[in-house]
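> Prediction below, plus the sequence it came from.
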Amino acid sequence: MSFADLEREAREHGWTEQADVLATGSVSRADYEQAIDHVRTCAEQGGNGISEPTLSPIDNLTLEFGFPVGASDDEEIWALSDACLQRWFWSVSIAYRATHDAVMDADIRDASLACLADRGYVMSGDIRNAQDMAVRMPFEAEHDLGECIVSAAEEVRPDLDGVSVSW
């Protein structure tokens with residue numbers, strides 16, 4: 001999806017702040033972090049909040065955060081997270097990830113590649129991130145990629161609260 005498509009979709013939904021950022025043709029780290037700040041404010045106004053954002057070792061690009069459970073029931077939290085993320089974040093996040101380089105931490109990358117090799121997907125060449133792995137696999141096997149990256153991250157970084165994977 002192009003910046004113009006993302007901007008048009010954001011304007012159609014009334015997500016003016018995201019549309020204005022996308023209209024510039026680039027999304028900076030500051031723009032991305034501002035979008036997360038908007039999500040935090042939205043979640044707080046909804047009676048919840050978000051966890052402290054931390055840099056993802058899966059791509060060293062995105063910030064991982066979540067909506068803590070406990071303040072409301074699960075359905076309310078899911079509805080709040082969807083509303084806040086759509087209104088303030090998703091379009092900016094898509095554009096940000098599409099225009100910046102992702103580089104997986106070496107220990108997680110190496111453990112992911114070992115897991116994939118154990119499943120029959122031996123890879124070589126310059127592999128820096130999940131996308132580089134995904135293009136070397138059949139589409140039908142992408143679930144193996146997600147599983148290997150998550151299990152590798154849990155194995156080599158047991159201190160992580162969790163990771164999300166996209167490519």
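Received, thanks.
> What is the biggest helix by length in the chain packed up against?
The longest helix of the chain (DSSP state H) is helix 29-45. The contact analysis (3 or more CB pairs under 8 Å, 6 or more residues apart in numbering; DSSP states H and E) places helix 29-45 against helix 16-23, strand 63-64, helix 74-88, helix 90-98. Every C-beta, even on glycine, is put in place using the N, C-alpha and C of the backbone.
> pLDDT on it, on average?
Helix 29-45 shows a mean pLDDT of 96.
> Same check on stretch 155-164?
Mean predicted confidence for stretch 155-164 is 88.
> In that stretch, which residues are buried?
Using 16 or more other CB atoms under 10 Å as the test for burial, stretch 155-164 gives 156, 160, 163.
> Residue 129 - nearest residue in space that isn't next to it in sequence?
residue 102 (4.1 Å; CB to CB, 6 or more residues apart in numbering).
> try residue 21
residue 31 is the one closest to residue 21 (CB to CB, 6+ apart), at 4.9 Å.
> Now for the one you found: which residues touch it?
By CB atoms under 8 Å, 6 or more residues apart in numbering, residue 31 lies in contact with 21, 92, 96.
> Closest one to residue 116 out of the residues you listed, please.
Taking CB to CB as the measure, residue 116 lies nearest residue 96 of the contacts of residue 31, at 26.8 Å.
> so that closest one sits right up against residue 27, yeah?
Yes. Counting by CB atoms under 8 Å, residue 96 touches residue 27, with 4.2 Å between them.
> low-confidence ranges in the protein?
69-72 (pLDDT under 70).
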